[in-house]
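Asker: quick one: sequence and predicted model below, then my questions.
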Amino acid sequence: MIGSARSRYGSAVRRVVSVLVGVLLCASLAGCVRETAGAATSPEAPATEVPLPPRPRDIDIRGVDPCSLLTSTQRAELGLDAEPAYDVQVSPLFEGPEPACTVGGSGLREVAVGVALPYDGLGVDAFAASRVRADVTVIEVRGMPAVLAEPPEQLRLCSVVIDLGPGQAMNVQYRDGGGRPTVPQDDLCTGAIAVAGSAMDTLLSNN
């Protein structure tokens with residue numbers, strides 16, 4: 001029975017992870033967005049850039065393994081107990097390469113987390129009003145400008161995208177893993193912010 005339950009859980013996590021790997025935010029986000037921070041834009045001329053404060057510094061992420069950004073200790077603290085999985089694809093959202101690491105959690109709630117490092121593309125401007133369908137709020141993560149993106153609630157995910165340099169970003173997605181009960185939207189965003197903070201701690205410690 002235990003082995004069967006683990007097998008079912010592992011299959012569920014793999015199904016969720018397969019959705020997250022590579023394109024962490026898929027084409028279902030394409031369309032209109034309602035920005036909740038920054039300069040207002042008219043429906044006739046949606047913004048093509050995200051209005052962010054200046055970066056205190058640039059961090060070159062080319063060549064960085066996204067799976068290295070969450071240590072085993074950090075994953076345990078975040079309730080992520082599955083083995084990390086690495087993949088890289090060209091992201092239609094960021095319009096450039098997007099190395100990605102995904103990992104699941106099976107604690108009190110089932111979740112799936114993706115940490116990606118898109119580069120040589122749009123960077124955080126992938127979340128401009130003309131490109132995604134989500135509520136986008138400007139925030140800060142470890143001193144770096146970022147956005148919190150909440151898509152339509154039926155997608156059951158929340159994302160944090162951190163501006164690291166021209167065309168470079170950290171894209172963190174925190175998604176409901178398909179268990180019961182479902183994870184509330186506010187908790188998904190709290191989880192995304194926590195994962196983003198931990199990943200940035202590791203990245204900054206090496207730069």
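Answerer: Done, it's in.
Asker: distance between the longest strand belonging to the chain and the chain's centre?
Answerer: Longest strand in the chain by number of residues, with DSSP state E as the criterion: strand 96-106. Here the centre of strand 96-106 is set off from its chain's centre by 8 Å, with Cα atoms, centre = their mean, to the nearest Å.
Asker: strand partners of that strand, parallel vs antiparallel please.
Answerer: Sheet pairing of strand 96-106 (DSSP bridges) gives strand 85-91 (antiparallel), strand 110-116 (antiparallel).
Asker: point to the residue nearest the middle of this protein.
Answerer: V172 (2.0 Å; Cα atoms, centre = their mean).
Asker: for the helix or strand harbouring that one, what is the distance to the chain centroid?
Answerer: In the assignment (DSSP states H and E), V172 maps to strand 168-176. How far strand 168-176 lies from its chain's middle: 1 Å, per Cα atoms, centre = their mean.
Asker: next helix or strand past it?
Answerer: Toward the C-terminus from strand 168-176 - assigned by DSSP H and E - lies helix 185-205.
Asker: that next one: which residues count as buried?
Answerer: Neighbour-count burial for helix 185-205, counted by 16 or more other Cβ atoms under 10 Å, picks out 185, 188-189, 191-200, 202-203. Quick note: C-beta positions are derived from backbone N, CA and C, even for glycine.
Asker: report the rounded mean pLDDT for stretch 129-145.
Answerer: Mean pLDDT, computed over stretch 129-145, is 92.
Asker: give me the distance between that stretch and the centre of its chain.
Answerer: Mean-position distance between stretch 129-145 and its chain equals 11 Å (Cα atoms, centre = their mean).
Asker: ok, now stretch 80-92?
Answerer: Distance of stretch 80-92 from the chain centroid (Cα atoms, centre = their mean) equals 11 Å.
Asker: quick revisit: tell me the angle the longest strand of the chain makes with helix 185-205.
Answerer: Put simply, strand 96-106 runs at 120 degrees to helix 185-205, going by axes from the mean of the first three to the mean of the last three Cα atoms, to 10 degrees.
Asker: now the angle from strand 96-106 to strand 168-176?
Answerer: Interaxial angle, strand 96-106 versus strand 168-176 (the same axes, to 10 degrees): 30 degrees.
Asker: tabulate the CA atom coordinates of strand 96-106 in PDB.
Answerer: Below are the C-alpha coordinates for strand 96-106, written out as PDB (Å, rounded to 0.1, in the frame of the first residue of the first chain):
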ATOM      1  CA  GLY A  96      15.100  33.100 -25.300                       C
ATOM      2  CA  PRO A  97      16.700  30.100 -23.700                       C
ATOM      3  CA  GLU A  98      15.200  29.100 -20.300                       C
ATOM      4  CA  PRO A  99      17.100  26.600 -18.200                       C
ATOM      5  CA  ALA A 100      14.700  25.400 -15.600                       C
ATOM      6  CA  CYS A 101      14.600  23.300 -12.400                       C
ATOM      7  CA  THR A 102      11.500  21.800 -11.000                       C
ATOM      8  CA  VAL A 103      10.800  20.100  -7.700                       C
ATOM      9  CA  GLY A 104       7.700  18.900  -5.900                       C
ATOM     10  CA  GLY A 105       6.500  18.900  -2.300                       C
ATOM     11  CA  SER A 106       4.200  16.400  -0.600                       C
END
